[in-house]
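**Q** A predicted structure for the sequence below; I have some questions about it.
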Amino acid sequence: MAAVNLKKNILIKLLALNRFNVHSCFRRHYEPNVSYMFRDYVTLQLKVQKVEMDLIFLRTCLREQLEPVFIRIKLPQHIQNSKAATQLRLRVLRIEIKFKRKVLSQLHHRSKSIFSFIETMTSSTVYSKLQIIKSSIVSDKSKLWRKTLVNKLIKLRRSCQHIGVKRNVQDSIKHLLNFSKRILTEDEEEVLINGLQHVYSPPVSNERDLISNIEYFYIRLLGFKTEYYDYELRK
């Protein structure tokens, strides 16, 4: 058995094992499942690296109060920038971070089991070479992912600065101009500023005034005036 392993090691050294011929070498000198296991191991390591980088990105967003696309929940306009809406988005972000951490733990567990299998099926020399090949593949992919995430962070930071400037401008503009002598209450100003987005219900309902207002609306709309109030008509 020792002689067979020594022969395999010599052959692999002579073949200059690399990321392009690793599977063909495994198929010739080892059982087929070793090649499949190494492929799965590399795939899991790529997923581990991707999730770890996603976690760095999400934690950066949480720390800097940035809003990735997936947490931009569509809400009514008048509460879009409210404190409750911001807290809701941050909560979604924390849930996503917690989910990613759970996925990362599962990937590490699966990767460790495959790692043990490959280690028992190959010699230390071959195993060290496989680790170098794995690191090379993961490193190449990581560069692309890192560049993408950095660009996303730059865009989110610029967007956050633009929104902050826009909010400051909106806050500095007086939304309501009162040309009358009457001083409006805060509730009246808020109703007039928000328009039809939401309306405060009156504390007391007057049916007569309600019907009169409805009739007046249709008079203005149709240009036609009835002889009596609708509620006065009797058959």
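**A** It's in.
**Q** for this protein, what's the longest helix?
**A** Counting by DSSP state H, the longest helix found in the chain is helix 124-172.
**Q** so which elements touch it?
**A** Judged by 3 or more C-beta pairs under 8 Å, 6 or more residues apart in numbering; DSSP states H and E, helix 124-172 is in contact with helix 2-15, helix 32-64, helix 83-121. Quick note: C-beta positions are derived from backbone N, CA and C, even for glycine.
**Q** change it to 6 Å
**A** Helices and strands touching helix 124-172, by 3 or more C-beta pairs under 6 Å, 6 or more residues apart in numbering; DSSP states H and E, are helix 32-64.
**Q** pull out the buried residues from the helix it packs on.
**A** 34-35, 37-38, 40-42, 44-51, 53-55, 57-58, 61 (16 or more other C-beta atoms under 10 Å).
**Q** that one - what's its average pLDDT?
**A** In this model, helix 32-64 has a mean pLDDT of 89.
**Q** so what's the gap between that helix and the chain middle?
**A** Computed by C-alpha atoms, centre = their mean, to the nearest Å, the chain-centroid distance of helix 32-64 equals 18 Å.
**Q** I'd like the distance between the closest residue to Y30 other than its chain neighbours and I114.
**A** Take Y30 and drop its neighbours on the chain: the residue closest to it by C-beta to C-beta, 6 or more residues apart in numbering is M121, 6.7 Å away. According to C-beta to C-beta, to the nearest Å, M121 and I114 sit 11 Å apart.
**Q** more neighbours: those two, which one.
**A** More crowded of M121 and I114, by other C-beta atoms under 10 Å: I114, with 19 against 16.
**Q** hmm, the more buried one is touching Y36, no?
**A** No. Look at I114 against Y36 with C-beta atoms under 6 Å: they stay out of range, at 9.8 Å.
**Q** got the domain ranges for this protein?
**A** Following the assignment in automatic domain parsing, the chain carries domains at 2-172, 186-232.
**Q** which of those domains sits most buried?
**A** For these, the largest average neighbour count (mean count of other C-beta atoms under 10 Å) is found in domain 2-172, namely a mean of 14.
**Q** distance from the chain centre to that domain, please.
**A** 16 Å.
**Q** which residue lies nearest the spatial centre of this protein?
**A** F70 (3.2 Å; C-alpha atoms, centre = their mean).
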